[in-house]
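A.B. asks: Sequence first, then the predicted structure, then my questions.
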Amino acid sequence: MPSFDIVSKTDFAEIDNALQNVAREIEQRYDFKGSHCKVERKEGELTIHADDDLKLKQVHEILQGHLARRKIEAGVLDYKEPERAAGQSVRQKVAILNGIEKDLAKRIVKDIKGSGLKVQVAIQGDELRVSGKKRDDLQAAIQFVKGLPIEQPLQYENFRD
């Protein structure tokens with residue numbers, strides 16, 4: 001029985017490379033001279049330190065640009081609310097999404113089952129397994145899921161006949 005997996009994986013090595021490029025650009029840019037702006041990664045979370053809201057916004061733009069160059073979609077970053085740090089400085093936490101959360105997985109399963117496609121969907125940890133009798137049904141399921149309004153980037157892999 002043909003099947004494929006719907007996953008959401010993030011390449012942390014590419015994120016580290018992008019962060020090194022961001023740090024280099026922050027050091028070299030004239031408008032960041034003398035500022036204490038930096039981006040750190042601990043596990044699945046980034047922390048952006050900036051002098052003020054304007055610099056925080058500029059660091060966001062630099063980060064998005066370097067991630068795009070590394071073929072990492074902007075949807076993998078979940079920005080939290082900026083918080084005040086010592087003095088005028090600002091700190092913001094950014095979660096890196098990796099894997100499909102339970103509520104999103106349930107919503108995808110419900111939407112696929114409601115679409116009338118002749119496929120079965122099973123939640124397996126942080127990924128979904130879609131199986132059906134025909135390859136065409138699976139390809140239709142992929143197109144259907146691509147059309148759903150989901151911010152998190154999804155990958156379709158392990159397609160088997």
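C.D. replies: Cool, got the structure.
A.B. asks: Would you map the strands across the protein?
C.D. replies: Remark: strands of the chain, listed N- to C-terminal, are 3-7, 38-42, 45-50, 77-79, 83-84, 90-96, 119-124, 127-132, 155-160; assignment by DSSP state E.
A.B. asks: could the ones you listed go into CSV alongside mean neighbour count and mean pLDDT?
C.D. replies: C-beta coordinates here come from the backbone N, C-alpha and C atoms, glycine included. Formatted as CSV, the entries for the strands of the chain read as follows, by neighbours: other Cβ atoms under 10 Å; pLDDT from 0 to 100:
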stretch, mean neighbour count, mean pLDDT
strand 3-7, 19, 93
strand 38-42, 14, 93
strand 45-50, 19, 94
strand 77-79, 15, 92
strand 83-84, 9, 92
strand 90-96, 17, 94
strand 119-124, 15, 93
strand 127-132, 20, 93
strand 155-160, 12, 90
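A.B. asks: Which of the ones you listed sits closest to D31?
C.D. replies: D31 lies closest to strand 45-50 among these, at 11.9 Å (Cβ to Cβ).
A.B. asks: Just name whatever secondary elements that closest one is in contact with.
C.D. replies: Under the contact criterion of 3 or more Cβ pairs under 8 Å, 6 or more residues apart in numbering; DSSP states H and E, the helices and strands touching strand 45-50 comprise strand 38-42, helix 53-69, strand 90-96.
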